[in-house]
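Chemist: compute the structure for the input listed below.
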Amino acid sequence: MNRNGMDNEQIITALDIGSSKTVVLISRVVSQNEIELIGYGVADSRGIKNGAVTNIELTAQSIHSAVEEAELMAGVEVGDIILNITGKHLNSLNSSGVIAITNKERVIQSSDVYRVIEAARTVSLSSDQEMIHVLSREFKVDDQSGIKDPQGMLGVRLEAEIHIITGSRTYILNMEKAIAATGLRVRDKVVSSLASSHALLKEEEKDLGVAIVDIGAGIIDIIVYMDGGVVFSSTIILGGQHLTHDISMGLKTPMDAAENLKRRYGTVDLESVDPADTIEVPSIGERPPRMMARKELAEIMEARMREILELIDHELLKSGKKGILAGGVVFTGGGSLVDGLIPLAEEVIQLGASIGYPKGLLGIADKISSPVFSTVSGLIQYWKYYGSIDRVKKKNSGLMQKIKSWVQENL
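Modeler: Residues are numbered from 1 along each chain as shown. Below is the predicted model of the structure:
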C-alpha cells in the first residue's frame, strides 16, 4: 500500500525520457475505463542525446528530479514505471507465418493463433537486438484475408501478418541502469510512437489509415496504421533542437536565445510575416543586441522544417501506404507546436494534416493537454489496457496462459 492508502496496483507511473525534457506522470486507476492523473513532474534532460544515454549519473539526476516533483504532487511514492523507448537504435520489419489447423473439427483456437504468431516472429536478428513489440496486423484463413480475430472460424490454413519492433540491448540496459540508480524498476517498455497513438487515435482512425508523427527535440517517431493494425514504424534523427541550432548559427546568437526567438517570434509561414517586422536578437559575447527582420528568422525555420517534412514524406512513401492514408497525418510532440506547420506539411506531404492533443485521462489532465505530453500520456493508457494481462502472466507462466495473454493483448 502507498502512504495514502492506495493499492500499488491502482497506481500507474509513466516515464518519458526525451532529448530536452524528462517527464513523469502518476495516475490512479478509477475503474475499468477511467484513469485519473494525480501528479506530474518535469525536469530538463541531462546525459541524453538522440534518445541514448551518454551519462548515467546525469540521466539518473533528471529522472529523480521529475519523479520527486510528481510524487510530491500525487502524495504517493512510486516504485515501478512504464518507460518510453525511442532512438536510432530502433528497427522494424513486417513478417508472416503460416500453419495448418490440425484438430479434426478444423476450428481455429487460441493455441493456433499463438502458434502462427510464433511462426511469424521467427526472424533473424543481430546479436545486440531484442524484440520490444510483436504487433498483429491481420490474419488470413484459407483464402479469406483482412481478419482481426480468427478464433472460432473454420479453416485448414492460418496465416498471420505481424509488425515487429526491435531495439538495442545495450541502449535498453543503459537506460535501465540509469533508472535503477534512482531506486525505480522498469515494469514495461513501450516504443514512443506506439504510446502516442494510444493517447491520440480512435479505432476508426486506425481502420481508415493514419500516420502519427511525433516531433521531439532530437528525434521524430513515426508509426503508420492501416485496417486497424501497425504496418510501418521508423525514426528520424532530427527535431526541434535542429531548428534552434540553425537559428543560432544563422542569426549568430546563443542557443538559449535562439530557442526563445523560436518560441516567441518563430513561424514557418513566410506569407504571414510582414517584411517590416523586426526583432531584437542577442549577440554572442559582450556585443550589444541587434535589430533584425523577423523574415530572416522565418526563412531559416521554413527551410529546416521543409527539409524535415521532406524526410517524413520519404518515410511515408517507404511504408507503401501513403496514397491510401484517409486519416492523413497527425503531428504531435513539442516540435509540432511551430507556427505554420500544418499548411506547410500539407503542401510538402500532400496529405491532410492536424495537430494531435492527448486525451483519455481524468483529474488534472488539463495540466498536460499539450502535444508535448502525448507520449507520456499514451504510456499510461497503453498500460491500462495491457498491464493486467502482464500481472496474470507473472502469476501463471504456463504455455496456455501465455497463449491466452498474447491473444488478449493483440486481438
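Chemist: and the strands in the stretch 51-200 of the chain?
Modeler: 52-53, 80-85, 91-100, 129-141, 144-147, 157-168, 185-191 (DSSP state E, counting those that start in this stretch).
Chemist: check which residues of the biggest helix by length in the chain are buried.
Modeler: The longest helix of the chain (DSSP state H) is helix 294-319. Buried residues in helix 294-319, counting neighbours by 16 or more other Cβ atoms under 10 Å, are found at 294-298, 300-302, 304-305, 308-309, 312-313, 315-316, 319. In this view, the C-beta of every residue, glycine as well, is placed from N, C-alpha and C.
Chemist: try stretch 115-131
Modeler: R115, V116, I117, A119, A120, Q129.
Chemist: next, format the residues you listed as CSV and append distance to D149.
Modeler: Listed next are those as CSV, based on distance: Cβ to Cβ, whole Å:
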residue, distance to D149
R115, 15
V116, 13
I117, 13
A119, 18
A120, 16
Q129, 29
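Chemist: of these, closest to G87?
Modeler: Ranked by distance to G87 (Cβ to Cβ), these are led by Q129 at 12.8 Å.
Chemist: so what's that closest one closest to, chain neighbours aside?
Modeler: Ranked by Cβ to Cβ, 6 or more residues apart in numbering and with sequence neighbours excluded, the top spatial neighbour of Q129 is T166, at 4.4 Å.
Chemist: so where do the helices sit in this protein?
Modeler: All helices of the chain, identified by DSSP H, fall at 56-74, 110-120, 169-180, 192-200, 203-208, 240-251, 255-265, 294-319, 341-349, 374-395, 399-410.
Chemist: would you single out the least confident of those?
Modeler: Lowest mean pLDDT within these: helix 399-410, a mean of 54.
Chemist: quick one: residues contacting M301.
Modeler: The contact partners of M301, by Cβ atoms under 8 Å, 6 or more residues apart in numbering, come to L243, D246, I247, K262, G266, T267, V268, V338.
Chemist: can you pull the contacts of the closest residue to the last one other than its chain neighbours?
Modeler: Read it as V338. Distances taken as Cβ to Cβ, 6+ apart put V268 closest to V338, at 5.8 Å, once the chain neighbours are dropped. By Cβ under 8 Å, 6+ apart, the residues touching V268 are A298, M301, E302, M305, R306, V338, D339, G340, L341, L344.
Chemist: residues in contact with the fourth one?
Modeler: M305 makes contact with L243, V268, V338, L341, L344 under the criterion Cβ under 8 Å, 6+ apart.
Chemist: got JSON lines for these, with distance to R106 too?
Modeler: As requested, these are exported to JSON lines (distance: Cβ to Cβ, whole Å):
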{"residue": "L243", "distance to R106": "58"}
{"residue": "V268", "distance to R106": "58"}
{"residue": "V338", "distance to R106": "56"}
{"residue": "L341", "distance to R106": "53"}
{"residue": "L344", "distance to R106": "54"}
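Chemist: so what's S272 up against?
Modeler: Taking Cβ under 8 Å, 6+ apart, one finds D339, G340 in contact with S272.
Chemist: same question, K322
Modeler: Here K322 is in contact with D313, L316, L351 (Cβ under 8 Å, 6+ apart).
Chemist: from those residues, which is closest to G328?
Modeler: L351 (4.7 Å).
Chemist: which one, of the helices of the chain, ends up nearest to A276?
Modeler: That would be helix 294-319 among the helices of the chain, by Cβ to Cβ, at 9.0 Å.
Chemist: now do stretch 113-126: distance from first to last residue.
Modeler: Start to finish, the residues bounding stretch 113-126 are 26 Å apart (Cα to Cα, to the nearest Å).
Chemist: make that stretch 210-230, sorry
Modeler: 10 Å.
Chemist: equivalent analysis for stretch 116-136, please.
Modeler: End-to-end distance (Cα to Cα), stretch 116-136: 11 Å.
Chemist: who touches it?
Modeler: Residues outside stretch 116-136 that contact it (Cβ under 8 Å, 6+ apart): 85, 90-91, 93, 95-99, 139, 148, 158-170, 172, 189-191, 194, 229-230, 406, 410-411.
Chemist: got the contacts of K322 as CSV, with distance to R290 columns?
Modeler: Formatted as CSV, the contacts of K322 follow (distance: Cβ to Cβ, whole Å):
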residue, distance to R290
D313, 36
L316, 40
L351, 40
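Chemist: which ones are touching K206?
Modeler: Taking Cβ under 8 Å, 6+ apart, we find K206 in contact with S197, Y225, M226, G228, G229.
Chemist: by neighbours, which of the residues you listed wins?
Modeler: S197 (30 neighbours; other Cβ atoms under 10 Å).
Chemist: skipping adjacent residues, who's closest to N174 in space?
Modeler: V53 (4.2 Å).
Chemist: so what pLDDT did that neighbour get?
Modeler: 90.
Chemist: still on that earlier bit, so the longest helix of the chain versus helix 341-349, what angle?
Modeler: Here helix 294-319 runs at 50 degrees with respect to helix 341-349, directions being taken by axes from the mean of the first three to the mean of the last three Cα atoms, to 10 degrees.
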